[in-house]
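Participant: Okay, here's the prediction I keep looking at, along with the sequence it came from:
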Protein chains: 2
Amino acid sequence: MTSVAVVGVGMIPFGKHPERSLVDMASEAAYLALKDAGIEPAQVEAGFFANAFASRLFGDLTVGQNVFWEVGINRVPVVNVENACTSASTAFYLGYNMIAAGQAEVVMAVGAEKMYVPELGLLDSGLTELNTQLGLVAPASFALRAVRHMTEFGTTPEQLARVTVKSRNHAQYNPFAQFREPVTVEEVLAAPMIVDPFTRLQCCPNADGAAAAILCSPRLAQRLGRAVNVEAAILCTGNYENPQDLVRWETDYRACGLAYERAGIGPEDLDVVEVHDAFTIAEILHYEALGLCAEGEGGKLVEEGHTALGGRIPVNVSGGLLSRGHPPGATGLAQVFELVTQLRNEAGGRQVAGAKVGLAQIMGGDKLGDTKSCTIIVLSV
Amino acid sequence: MTSVAVVGVGMIPFGKHPERSLVDMASEAAYLALKDAGIEPAQVEAGFFANAFASRLFGDLTVGQNVFWEVGINRVPVVNVENACTSASTAFYLGYNMIAAGQAEVVMAVGAEKMYVPELGLLDSGLTELNTQLGLVAPASFALRAVRHMTEFGTTPEQLARVTVKSRNHAQYNPFAQFREPVTVEEVLAAPMIVDPFTRLQCCPNADGAAAAILCSPRLAQRLGRAVNVEAAILCTGNYENPQDLVRWETDYRACGLAYERAGIGPEDLDVVEVHDAFTIAEILHYEALGLCAEGEGGKLVEEGHTALGGRIPVNVSGGLLSRGHPPGATGLAQVFELVTQLRNEAGGRQVAGAKVGLAQIMGGDKLGDTKSCTIIVLSV
């Protein structure tokens, strides 16, 4: 396979955008990515558009075609992708595959979601899911994991709260994040309880948002300059064959292993990491799956500051989902936006000094204790 | 690029299945395809699942993962694809690309839709579409094309009606079709008017349905036997730059041209064709785009029986959308099912004698007079 480069990224600030349509937000992100890359719309040979809720909320099909049309991209193959929280990273993955396979030279991945819509209602895993019928929606299922981690490894409520404190400390330097006010451990623990042990500040907020990335062949990337290399793009589905360990998603470990293998690196080579901190415990579990620490020691890792800006391996310097907010159709590409910004040394107050290798991790959809989808993207300069 | 083969297909009869869930229907089609191919679930390296309305109707995300899980396929990359009427053919296209690129040896594409659901309501192109807001939903926009074709080329109401008559004549031999009673031209013209010139029998009915296909590398196909070759799989988005000619979709002509070029054939080489007869005029327009006749002569082509079973180039011997019914998430793979059945010489009463080359065409989504997506698949033995 040929290698693949990211040559342009675009993103709008995540937050409440009641006045903007999905297509409007997405096409701005796409336009910004084109401008960033210095690429003409007519050079884009295929498009992947990520979204989870447009059909449910607006009755919209084939939204991606409308988005690409708005920025002058037409006639090419366009696919609308839905993979829950991994929707945007799946769009990136499909674009990567197309170029790695030599089937296109320039592909654009765009993702967007409107979450501040009253009709959205309670998020569930779908009416057909046993989980949902039993009330095991996301906050509840992550809470079970948190309690198990606390029981098994002595992880403390303070350690969980520190994930949010770190997130907000980072987010104050990220103009794209929705919540940028620092908070203390005490404030996190005193916030309204959602499901024990998570207070409201330990659950990622909704957000309206959009993000985009342009992938291209190394040949073209060289001409454009400023390229970031894609060292790995992995997508796996969960393992539904065996009962799952609540503190160890087999799929998370497997995807991380595949990504390290593909990229030819290990956790010690990472400079900056974005993980799917949908809830505070998730970030701690992902530390362990990624091998940033031993199993059971994720709580200690954040408590000792190793994953904070300036620490050994900064995680979620963007503020992650907890501060940026989580539009499932856009989050994966917002992670790519952050890594590219870091690897280009353009992240301002949240810059990780000398970052050369970055990794983004996401899990999407819950099913009987495992995940329905896990993606890992590794970038380097 | 390596070549690609279809080694297994599966399909459930289209119709009203109020007692069956989406996952239930889809996983039966997937199971039948695995059985047909003689492939173990563990051999499948990636899955693409096509669906348009699950999120809207059931709040379901990542349905594909559930479907593949039901037949024992997990851990692999799975992507949920939505591309309106081309959803299923897009899933096939992505699977084809993956194998053509050497990234997998076995990929399964599955598509399903439940359309007999009261909550579905009036089908539109999404609330954000100007078309929908102006009332230009699908029957109306196709009616404009029909009237224009009649005005410009003298196409008659009887010629339009003959598309349905031929469809039902074919469908009586297809146990997978929903409507299998032959009808006369008089009956078609006397049916309740939907939008002039279409009576109800000239608009494709809804259907619940599911279909699946397994694609694999030539190496594996040879071992399995019974392989059908994929000569081309094309996906394009419409051209939104210029006003469109109502009797000539530029995208339809372009996609057909690309498919012929890729497959190294012309219209004279086709033995059996499936087109997207959402309305009777659509089939006539597709004849012309495919070069089965000159522009403007599609009405005559069907009237003279050239596209009927036993004619020069039989079209929609399955009964097409008009008789089979149209679950957008499944139709593209139902076309593949039909072509594979024909090329294997297993189509019984509707068999096209000695069929060696087949083509399937679909268009999806409407936008300002053009289509949002067009796919062409060419198969051969």
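Facilitator: That came in fine, so what should we check first?
Participant: can you give me phi and psi for the spatially closest residue to A:A42 that is not a sequence neighbour?
Facilitator: The spatial neighbour of A:A42 that comes closest, neighbours along the chain excluded (Cβ to Cβ, 6 or more residues apart in numbering or on different chains), is A:G72 at 7.3 Å. C-betas here are computed from N, CA, C, even on glycine. Backbone torsions of A:G72, given as degrees, to the nearest 10, read phi 90, psi 20.
Participant: Could you verify my assumption that A:G72 touches A:I39?
Facilitator: No. A:G72 lies out of contact with A:I39 (Cβ atoms under 8 Å); the separation is 11.1 Å.
Participant: more neighbours, the two?
Facilitator: A:I39 (19 against 16; other Cβ atoms under 10 Å in any protein chain shown).
Participant: Contact residues of the stretch 151-300 of chain A facing chain B?
Facilitator: The stretch 151-300 of chain A comes close to chain B at residues A:L235, A:C236, A:T237, A:G238, A:N239, A:Y240, A:E241, A:T251, A:R254, as judged by Cβ under 8 Å from any Cβ of the partner chain.
Participant: can I get the residues you listed in TSV with secondary structure and neighbour count?
Facilitator: Shown next, in TSV, are these (DSSP: H, G, I helix; E, B strand; the rest coil; neighbours: other Cβ atoms under 10 Å in any protein chain shown):
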residue	secondary structure	neighbour count
A:L235	strand	27
A:C236	strand	24
A:T237	coil	30
A:G238	coil	30
A:N239	coil	16
A:Y240	coil	22
A:E241	coil	12
A:T251	helix	22
A:R254	helix	18
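Participant: A:G264: neighbouring residues, count only.
Facilitator: 10.
Participant: got the contact list for it?
Facilitator: A:E231 (Cβ atoms under 8 Å, 6 or more residues apart in numbering or on different chains).
Participant: swap in A:L292?
Facilitator: A:P267, A:L270, A:V273, A:G298, A:L301, A:H306, A:T307, A:I313, A:V315.
Participant: residue ranges of the strands in the stretch 101-250 of chain A, please?
Facilitator: Ranges of strands within the stretch 101-250 of chain A are A:106-113, A:193-195, A:198-199, A:209-216, A:228-236, based on DSSP state E, counting those that start in this stretch.
Participant: what's the closest of these to A:T156?
Facilitator: A:T156 lies closest, by Cβ to Cβ, to one member of the strands of the stretch 101-250 of chain A: strand A:198-199, at 13.9 Å.
Participant: So for the closest one, mean pLDDT?
Facilitator: Averaging pLDDT along strand A:198-199 gives 98.
Participant: Could you do stretch A:135-145 as well?
Facilitator: In this model, stretch A:135-145 carries a mean pLDDT of 88.
Participant: How about whichever residue of chain A sits closest to chain B: what's its closest non-neighbour residue?
Facilitator: Among the residues of chain A, A:A101 lies closest to chain B, at 2.8 Å counting by Cβ to the nearest Cβ. Closest residue in space to A:A101, ignoring its immediate chain neighbours: B:A101 at 2.8 Å, by Cβ to Cβ, 6+ apart.
Participant: Same question for A:I376.
Facilitator: Counting by Cβ to Cβ, 6+ apart, A:I376 lies nearest to A:A259, which is 3.8 Å off, once chain neighbours are set aside.
Participant: what helix or strand does the one you found sit in?
Facilitator: A:A259 is part of helix A:250-263, with elements assigned from DSSP states H and E.
Participant: tell me the domain ranges of chain A?
Facilitator: Domains of chain A are assigned by automatic domain parsing as A:5-118+A:208-228, A:130-204+A:233-380.
Participant: Mind exporting the C-alpha coordinates of the helix or strand bottoming out on mean pLDDT in chain A to CSV?
Facilitator: Within chain A, no helix or strand scores below helix A:130-133, which has a mean of 72 by mean pLDDT, DSSP states H and E. The C-alpha trace of helix A:130-133 is given here as CSV (Å, rounded to 0.1, in the frame of the first residue of the first chain):
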residue,chain,number,x,y,z
LEU,A,130,-31.8,-5.2,24.9
ASN,A,131,-29.5,-2.7,26.6
THR,A,132,-31.9,0.1,26.0
GLN,A,133,-35.0,-1.9,26.9
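Participant: Please state the offset of it from the chain centre?
Facilitator: With Cα atoms, centre = their mean, to the nearest Å as the basis, helix A:130-133 stands 25 Å off its chain's centre.
Participant: same check, this time on stretch A:273-287
Facilitator: 10 Å.
Participant: Averaged pLDDT, that stretch. What do you get?
Facilitator: Mean predicted lDDT for stretch A:273-287 stands at 98.
Participant: And it, end to end?
Facilitator: Taking Cα to Cα, to the nearest Å, stretch A:273-287 runs 10 Å from one end to the other.
Participant: quick one on the thing from earlier: among the contacts of A:L292, the buried ones, what's the PyMOL command?
Facilitator: The PyMOL command for the buried members of these (criterion: 16 or more other Cβ atoms under 10 Å in any protein chain shown) is given here:
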select buried, chain A and resi 270+273+298+301+306+307+313+315
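Participant: continuing past the helix holding A:A259, what's the next helix or strand?
Facilitator: With DSSP H and E, the next secondary element past helix A:250-263 is strand A:272-274.
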